[in-house]
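Asker: For reference, the sequence and a predicted model appear below.
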Amino acid sequence: MRKLLIAGNWKMNPMPSPLDAYYPRSDIDVVVFPTFLDLKHCIDAGMLCGAQYAHAEDSGAHTGDIGMGMIKDLGCRYVLCGHSERRADHSETNEDVAAQAVAALEHGIHPIVCVGETEQERSEGREKSIVAAQIEALFQLSAFSSQLSIAYEPVWAIGTGKTARPEDAEEMHAFIRSLLPEDKRETTRILYGGSMKPDNCKALLSQPNIDGGLIGGASLKPEQFSTIVDIAVSLFPHSS
Ligand code: PGA
């Protein structure tokens with residue numbers, strides 16, 4: 001049985017207010033990803049937090065970056081690896097993302113590795129091969145030696161208000177699960193991300209291979225985020 005995980009990715013935005021909606025719940029995992037500036041405040045306030053990014057190396061000449069050990073010392077329990085905005089804005093490759101995931105695991109941080117195709121790749125029928133290559137890079141670095149999570153985020157659905165149809169998302173999630181090593185197949189959580197909102201989350205989270213959501217826009221609105229969390233709680237236990 002996989003525990004649902006609802007994650008709020010605040011991206012480069014100020015902390016929402018009030019913060020009540022973002023606290024841990026007993027039946028599901030609720031995690032927030034504030035800016036680096038707001039992480040300490042949220043951790044000290046008792047929220048389960050992750051960093052939106054950290055470098056694969058511990059320290060060194062990497063101006064503007066931060067290491068996994070540093071976010072661990074701060075109290076981060078999770079880290080996003082390879083969000084499509086980082087892949088696009090900072091040219092992160094599949095190999096960079098896999099190296100980040102391995103570094104996170106070495107520090108005892110739970111990585112959420114983001115994968116997903118662009119609109120053009122889907123229109124060319126290449127969505128599965130793109131996602132498979134993103135997952136396979138994790139194999140090359142043996143990132144599956146420990147437990148990590150995957151977030152399937154079709155790039156065309158992020159911040160656009162377009163959401164994948166639940167059956168299409170489920171098909172991709174089942175495909176991703178089929179790629180995972182046998183001993184991790186049933187335990188790995190695969191989240192959906194891309195314009196998840198209160199009005200579409202139930203249909204998505206009810207799919208057997210969708211184990212949570214990585215939520216951007218709606219996570220900045222406390223009421224919407226808490227509605228999504230309540231719906232997720234009502235769906236637990238989520239049978240696998
Ligand atoms: P969105 O963002 O919910 O605003 O589409 C999701 C994400 O980028 O993680």
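Answerer: Arrived safely. The model shown is predicted, which means the values in this text are computed figures rather than measured ones.

Asker: how far away is Ile150 from Cys201?
Answerer: 18 Å (C-beta to C-beta, to the nearest Å). Quick note: C-beta positions are derived from backbone N, CA and C, even for glycine.

Asker: near the ligand, which residues of this structure show up?
Answerer: Residues of the chain lying near the ligand by C-beta under 6 Å from any ligand atom: 9, 153, 158-159, 193-196, 214-218.

Asker: Please produce TSV containing these, extended by distance to Ala133, secondary structure and pLDDT.
Answerer: TSV is the format used below for these (distance: C-beta to C-beta, whole Å; DSSP: H, G, I helix; E, B strand; the rest coil; pLDDT from 0 to 100):
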residue	distance to Ala133	secondary structure	pLDDT
Asn9	23	strand	98
Glu153	16	coil	97
Ile158	19	coil	91
Gly159	24	coil	89
Gly193	19	strand	97
Gly194	19	coil	96
Ser195	24	coil	94
Met196	25	coil	97
Leu214	20	strand	98
Ile215	26	strand	98
Gly216	24	coil	97
Gly217	28	helix	97
Ala218	29	helix	98
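
Asker: just those residues now: which is nearest the ligand?
Answerer: Of all the residues of the chain next to the ligand, the ligand sits closest to Gly216, with 2.3 Å by C-beta to the nearest ligand atom.

Asker: what's the burial count for that closest one?
Answerer: Here the count is done by other C-beta atoms under 10 Å, and Gly216 has 22 residues near it.

Asker: Give me the distance from the helix or strand of the chain with the lowest mean pLDDT to the chain's centre.
Answerer: One helix or strand of the chain scores below all others by mean pLDDT, DSSP states H and E: helix 182-185, with a mean of 92. Centroid separation for helix 182-185 versus its chain: 19 Å, with C-alpha atoms, centre = their mean, to the nearest Å.

Asker: Restrict it to CA atoms and write it as PDB.
Answerer: This file holds the C-alpha atoms of helix 182-185, laid out as PDB (Å, rounded to 0.1, in the frame of the first residue of the first chain):
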ATOM      1  CA  GLU A 182      10.800  -5.300  -9.600                       C
ATOM      2  CA  ASP A 183      11.600  -4.800  -5.900                       C
ATOM      3  CA  LYS A 184      10.600  -1.100  -6.100                       C
ATOM      4  CA  ARG A 185       7.600  -1.400  -8.400                       C
END
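
Asker: just checking, what packs against that helix?
Answerer: Contact partners of helix 182-185 among helices and strands, from 3 or more C-beta pairs under 8 Å, 6 or more residues apart in numbering; DSSP states H and E: none.

Asker: Would you mark the buried spots in stretch 32-50?
Answerer: 32-34, 38-39, 42-43, 47-50 (16 or more other C-beta atoms under 10 Å).

Asker: Contacts only, for Pro181.
Answerer: Contacts here follow C-beta atoms under 8 Å, 6 or more residues apart in numbering; on that basis Pro181 touches 139, 144.

Asker: From Phe175, how far off is it?
Answerer: 15 Å.

Asker: Gly67 too?
Answerer: On the measure of C-beta to C-beta, Gly67 and Phe175 end up 33 Å apart.

Asker: And for Pro198?
Answerer: From Pro198 to Phe175 the distance is 27 Å (C-beta to C-beta).

Asker: The residue of the chain positioned farthest from its centre and the ligand: what is the separation?
Answerer: Within the chain, the residue lying farthest from the chain centre (C-alpha atoms, centre = their mean) is Ala61, at 27.6 Å. Per C-beta to the nearest ligand atom, to the nearest Å, Ala61 is found 30 Å from the ligand.

Asker: Quick check: that residue is in a strand.
Answerer: No - the assignment for Ala61, made by DSSP: H, G, I helix; E, B strand; the rest coil, is coil rather than a strand.
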